[in-house]
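Q: When you get a sec, could you give me coordinates for this:
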Amino acid sequence: MNKSNRRKFIGTAAALAVGTAATAMPLSSMKKNYPVVHHVFFWLKNPDSKEDRDKLVAGVKALSKIPTVKELHVGVVASTEQRDVIDSSWGVSELMFFSDLEGQATYQTHPIHLEFIKNHSHLWEKVIVYDAVEA
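A: Next comes the predicted model:
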């Protein structure tokens, strides 16, 4: 076996081993228990401004410094298939996970969150919030 083929073989074998190990892990070990979800959608005042969108994204990401925020995902509209059930009218979303309702309430009044609102609310025209608990 020449060196190039040997490297390819070793690389492929390593990738297969990692994939096999990952699929053998029980899902429960990978799932975190954060039963409170806070999902916010922002409509930008200037939806065509990449600068405004990026400022809002940076501001939302800073909210991860709040201790009760266990996980944070910040997103922008995906260029997926257009269907009647898809709303792509918003500009930025935040998806947060909390351990409990008390943690979510703490987040609402936390100085970092209040500072975020003060410094970034001029960027959005509309906000919709969906809060949910695990069923």
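Q: Tell me the pLDDT of the closest residue to Leu101 other than its chain neighbours.
A: Nearest residue to Leu101, sequence neighbours excluded (Cβ to Cβ, 6 or more residues apart in numbering): Val36, at 5.9 Å. For glycine as for every other residue, the C-beta is placed from the backbone atoms N, C-alpha and C. For Val36, the model assigns a pLDDT of 96.
Q: Just confirm Val36 contacts Gln104, I think it does.
A: Yes. Using Cβ atoms under 8 Å, Val36 is in contact with Gln104, at 5.1 Å.
Q: what touches both of these two?
A: Taking Cβ atoms under 8 Å, 6 or more residues apart in numbering as the criterion, Val36 and Gln104 both touch 98, 131.
Q: residue ranges with poor pLDDT in the protein?
A: Applying pLDDT under 70 to the chain flags the ranges 1-31.
Q: which stretches of this protein form helices?
A: Secondary structure of the chain by DSSP state H: the helices cover 3-24, 27-30, 50-62, 101-109, 111-120.
Q: Please report how far the residue nearest to the spatial centre of the chain lies from Lys118.
A: Taking Cα atoms, centre = their mean, the centroid of the chain lies closest to His73, which sits 1.1 Å from it. Distance of His73 to Lys118, computed by Cβ to Cβ, to the nearest Å: 23 Å.
Q: Count the residues that sit near Val127.
A: 13 (other Cβ atoms under 10 Å).
Q: Give the bridge partners for it, please.
A: Beta-bridge pairing for Val127 (DSSP bridges): Phe42.
Q: doesn't His39 make contact with it?
A: No. Counting by Cβ under 8 Å, His39 is not a contact partner of Val127; they are 11.3 Å apart.
Q: tell me the domain ranges of the chain?
A: Taking automatic domain parsing as the criterion, the chain consists of the domains 1-29, 32-133.
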